[in-house]
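Visitor: Got a predicted model here, sequence first, then my questions.
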Amino acid sequence: MISGKEVVIRFRKIDRYGRIIATVYHGGRDVNLLMVRAGLAWHYAYFDDTPAYREAEKQARAARRGLWRQDNPVNPHEFRRQRKLNAK
């Protein structure tokens with residue numbers, strides 16, 4: 001979607017794990033939103049309540065786009081939690 005292209009990063013914060021939380025823009029378009037709408041990313045509603053992201057994920061799920069084609073997609077938070085539990 002943006003490989004090799006110039007983007008604008010709008011920094012929001014650094015999370016408790018030291019990761020940068022930001023919105024990526026290309027050509028004035030919110031790439032994060034485009035990815036959620038296409039079913040290529042989860043909306044992490046626990047930390048973000050942006051209505052546009054929530055609606056985009058809802059529509060992607062209903063249309064079974066991207067990761068929502070899977071019978072039982074596992075959100076990244078739950079995946080990491082399970083890996084930690086299984087490693088013990």
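Guide: Cool, got the structure. Numbers count the residues shown, from 1 in each chain.
Visitor: Tell me which residues touch Gln59, please.
Guide: Residues in contact with Gln59, defined by Cβ atoms under 8 Å, 6 or more residues apart in numbering, are Arg37. Any C-beta I mention is one placed from the backbone N, CA and C, and that applies to glycine too.
Visitor: Strands of this structure, start to end?
Guide: 8-14, 20-26, 29-30 (DSSP state E).
Visitor: need those strands in CSV with mean neighbour count and distance to Tyr53, can you?
Guide: Output for those, formatted as CSV (neighbours: other Cβ atoms under 10 Å; distance: least, Cβ to Cβ, whole Å):
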stretch, mean neighbour count, distance to Tyr53
strand 8-14, 11, 13
strand 20-26, 14, 10
strand 29-30, 15, 9
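Visitor: Let me have those strands in JSON lines, extended by mean pLDDT and distance to Gln70.
Guide: Below are the strands of the chain laid out as JSON lines (pLDDT from 0 to 100; distance: least, Cβ to Cβ, whole Å):
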{"stretch": "strand 8-14", "mean pLDDT": "94", "distance to Gln70": "29"}
{"stretch": "strand 20-26", "mean pLDDT": "95", "distance to Gln70": "24"}
{"stretch": "strand 29-30", "mean pLDDT": "97", "distance to Gln70": "25"}
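Visitor: For Phe47, which of those is the nearest?
Guide: strand 20-26 (7.8 Å; Cβ to Cβ).
Visitor: Adding distance to Ala52, write the strands of the chain out as JSON lines.
Guide: JSON lines is the format used below for the strands of the chain (distance: least, Cβ to Cβ, whole Å):
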{"stretch": "strand 8-14", "distance to Ala52": "14"}
{"stretch": "strand 20-26", "distance to Ala52": "11"}
{"stretch": "strand 29-30", "distance to Ala52": "8"}
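Visitor: count of residues packed around Arg61?
Guide: 14 (other Cβ atoms under 10 Å).
Visitor: need the contact list for Tyr25.
Guide: Applying Cβ under 8 Å, 6+ apart, we find Tyr25 in contact with Val7, Val8, Ile9, Arg10, Val31.
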